[in-house]
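In: How does the following fold in three dimensions:
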Amino acid sequence: MNIKSLIIGSFAFIMSLPLFAQEYANLDTIYMLGRKKLVVNVKNVSSASVRYSEPGSKETITVGRKQIQKVIFSNGRKEVFNKPVMMMVEEGDWKTVIITDRKNDVEGLYELGNVESNSSAGSRSAKSAKKSAMIRLQKKAARLGGMIVLVTKEESIGGFGEPPTFEVKGIAYGFEPPKKEEKKD
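Out: Residues are numbered from 1 along each chain as shown. Below you'll find the model as predicted:
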């Protein structure tokens, strides 16, 4: 093999790269509920299914919309079909804190301290006021290192023209004993 044919072959390869890249730039991405990602050519989206073909293949594959989280089309448009099956959250994140009113749910756990919260001032309904107060309670418990909150008091205030508010009190519990503060001499 001589240098001239090597240079011509390399030049041909480099010139074909934009065509190869352009073919893959026009692909759509399907995100399945099981966290699998498919880079394909979407052919049709119906009320029950999505039909697509894999790059370089003429075979059409049909998948039910129930199995798909979302599709991001090559033009940037996004269509969401379902919420993800599970979300990744860090340990100690407030979203992992469980709220309960059953004493036996916290048996064997370590008491970390009392927590209480009120709903935000902008709550428009009793339901949103309660949700706001519970989220604030979860965040306070997470700051203490708590995993479960045993609710000791819930009180809904307001109504008949007054903005609804909600107050909740509880005890935060964790899997490890509370850290004791070191005394400085």
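In: This protein - how does it break down into domains?
Out: Following automatic domain parsing, one finds the domains of the chain at 3-80, 94-174.
In: And the helices in the chain, which stretches?
Out: For the chain, applying DSSP state H gives helices covering 3-25, 126-143.
In: Select from those helices the stretch with the lowest mean pLDDT.
Out: The stretch with the lowest mean pLDDT among those is helix 3-25, which comes in at a mean of 64.
In: now the residue nearest to residue 126 when sequence neighbours are not counted: how far from residue 155?
Out: Excluding the flanking residues, the one nearest residue 126 by CB to CB, 6 or more residues apart in numbering is residue 164, at 4.5 Å. For the C-beta atoms, the positions are set from N, CA and C on the backbone; glycine is no exception. Taken as CB to CB, to the nearest Å, the spacing of residue 164 relative to residue 155 amounts to 11 Å.
In: Would you mind telling me which of the two has more residues around it?
Out: Neighbour count, other CB atoms under 10 Å: between residue 164 and residue 155, residue 164 has more, with 18 against 11.
In: where's the residue of the chain positioned farthest from its centre relative to residue 8, distance?
Out: For the chain, the residue at maximal distance from the C-alpha centroid (CA atoms, centre = their mean) is residue 2, at 57.0 Å. From residue 2 over to residue 8 the distance is 10 Å, taken as CB to CB.
In: same check, this time on residue 142
Out: 64 Å.
In: the more surrounded of these two?
Out: For the pair residue 142 and residue 8, the greater number of neighbours falls to residue 142 (19 against 11), based on other CB under 10 Å.
In: Point out where this structure drops to low pLDDT.
Out: Scanning the chain for pLDDT under 70 picks out the ranges 1, 11-13, 15-25, 34, 85-92, 159-160, 180-185.
In: which residue ranges form the strands in it?
Out: Listed in chain order, the strands of the chain (DSSP state E) span 28-32, 37-45, 49-53, 61-64, 68-72, 78-80, 98-100, 110-118, 148-157, 165-174.
In: Tell me which of those is the most buried.
Out: Between the strands of the chain, strand 165-174 has the highest mean count of neighbours, a mean of 21, where neighbours are mean count of other CB atoms under 10 Å.
In: Could you spell out the sheet neighbours of that strand, each with its direction?
Out: Each strand pairing with strand 165-174, determined using DSSP bridges, is listed with its direction: strand 110-118 (antiparallel), strand 148-157 (antiparallel).
In: what does it contact?
Out: Defining contact as CB atoms under 8 Å, 6 or more residues apart in numbering, one finds that strand 165-174 is touched by 99, 106, 109-119, 123, 126, 129-130, 132-134, 137, 140-141, 144-158.
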